[in-house]
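[1] no sequence on this one, just coordinates:
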């Protein structure tokens with residue numbers, strides 16, 4: 001059987017080749033490994049107890065679906081539609097989301113470890129009360145995204161739009177916001193302790209102190 005070649009990455013540790021799955025279907029309590037899944041559509045459906053290990057999704061759609069108790073490990077999703085998708089009790093490890101449509105995407109109380117989001121649309125997404133470890137967002141739109149109560153310690157936001165993002169009660173120690181838009185963040189001074197910002201971003205946070213920054217002529 002002809003296999004699909006997959007490039008190496010520091011996040012999704014996929015094998016050098018994967019078996020194509022032209023007639024792929026999802027079943028409850030399904031356990032799927034080492035598959036290349038292309039143009040698969042699971043729209044507006046519900047499932048539970050799913051596990052994907054060493055899988056590559058390309059041009060697939062999970063729009064408006066709900067998946068409970070899902071585990072993704074060593075998975076890459078490229079150009080995949082996850083808009084308004086909800087992953088409940090999700091364990092996500094060594095995973096990449098590349099050029100994905102994820103508007104309104106939801107992971108509540110999830111665990112994300114060694115995960116990359118790149119060139120993806122995440123406006124109005126939700127990661128409330130989730131735990132992040134070695135997670136990086138690159139060139140992503142995170143406008144009005146909800147990170148309430150999330151542990152974002154060490155997370156990197158590179159060239160992202162975080163305008164009006166919700167960060168109340170979040171943990172931001174060593175969270176790197178440099179190069180990203182942070183205007184209108186809903187965050188407390190207490191939560192910001194330990195966060196990393198660029199000097200040019202200080203004015204964006206001045207409102208939290210109730211002060212106005214002006215240069216004297």
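    Here it is on my side, so go on. Quick caveat: nothing in here was measured; it's all calculated off a predicted structure. Residues are numbered from 1 along each chain as shown.

[2] what about the longest helix along the chain, average pLDDT?
    The single longest helix within the chain, with elements called by DSSP state H, is helix 202-209. Averaging pLDDT along helix 202-209 yields 76.

[3] hmm, residue 100 is touching residue 125, no?
    No. Applying C-beta atoms under 8 Å as the test, residue 100 and residue 125 come out as separate, 10.7 Å apart. From N, CA and C alone the C-beta is placed, and that goes for glycine too.

[4] tell me the buried residues in the longest helix of the chain?
    Neighbour counts over helix 202-209 (16 or more other C-beta atoms under 10 Å) mark 204, 205 as buried.

[5] summarise which helices and strands it is packed against.
    Here helix 202-209 touches helix 189-192, going by 3 or more C-beta pairs under 8 Å, 6 or more residues apart in numbering; DSSP states H and E.

[6] what sits up against the helix it packs on?
    167, 168, 169, 170, 171, 172, 205, 208, 209 (C-beta atoms under 8 Å, 6 or more residues apart in numbering).

[7] let's see that with 6 Å instead.
    When contacts are defined by C-beta atoms under 6 Å, 6 or more residues apart in numbering, helix 189-192 is touched by residues 170, 172, 208.

[8] got a markdown table for the residues you listed, with distance to residue 15 too?
    Listed next are those as a markdown table, based on distance: C-beta to C-beta, whole Å:
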| residue | distance to residue 15 |
| --- | --- |
| 170 | 36 |
| 172 | 36 |
| 208 | 47 |
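
[9] please, where are all the strands along the protein?
    Applying DSSP state E to the chain gives strands spanning 4-5, 17-20, 31-38, 46-58, 66-78, 86-88, 91-98, 106-108, 111-118, 131-138, 156-158.

[10] centre of the chain to the fifth one, how far?
    In this case it means strand 66-78. 11 Å (C-alpha atoms, centre = their mean, to the nearest Å).

[11] flag every buried residue along it.
    Along strand 66-78, these residues count as buried under the neighbour rule (16+ other C-beta under 10 Å): 66, 67, 69, 70, 71, 72, 73, 74, 75, 76, 77, 78.

[12] make JSON lines out of the strands of the chain and add mean pLDDT and distance to residue 144.
    Converted to JSON lines, the strands of the chain look like this (pLDDT from 0 to 100; distance: least, C-beta to C-beta, whole Å):
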{"stretch": "strand 4-5", "mean pLDDT": "48", "distance to residue 144": "36"}
{"stretch": "strand 17-20", "mean pLDDT": "91", "distance to residue 144": "36"}
{"stretch": "strand 31-38", "mean pLDDT": "96", "distance to residue 144": "31"}
{"stretch": "strand 46-58", "mean pLDDT": "97", "distance to residue 144": "26"}
{"stretch": "strand 66-78", "mean pLDDT": "97", "distance to residue 144": "22"}
{"stretch": "strand 86-88", "mean pLDDT": "94", "distance to residue 144": "17"}
{"stretch": "strand 91-98", "mean pLDDT": "98", "distance to residue 144": "18"}
{"stretch": "strand 106-108", "mean pLDDT": "96", "distance to residue 144": "13"}
{"stretch": "strand 111-118", "mean pLDDT": "98", "distance to residue 144": "16"}
{"stretch": "strand 131-138", "mean pLDDT": "98", "distance to residue 144": "15"}
{"stretch": "strand 156-158", "mean pLDDT": "98", "distance to residue 144": "15"}
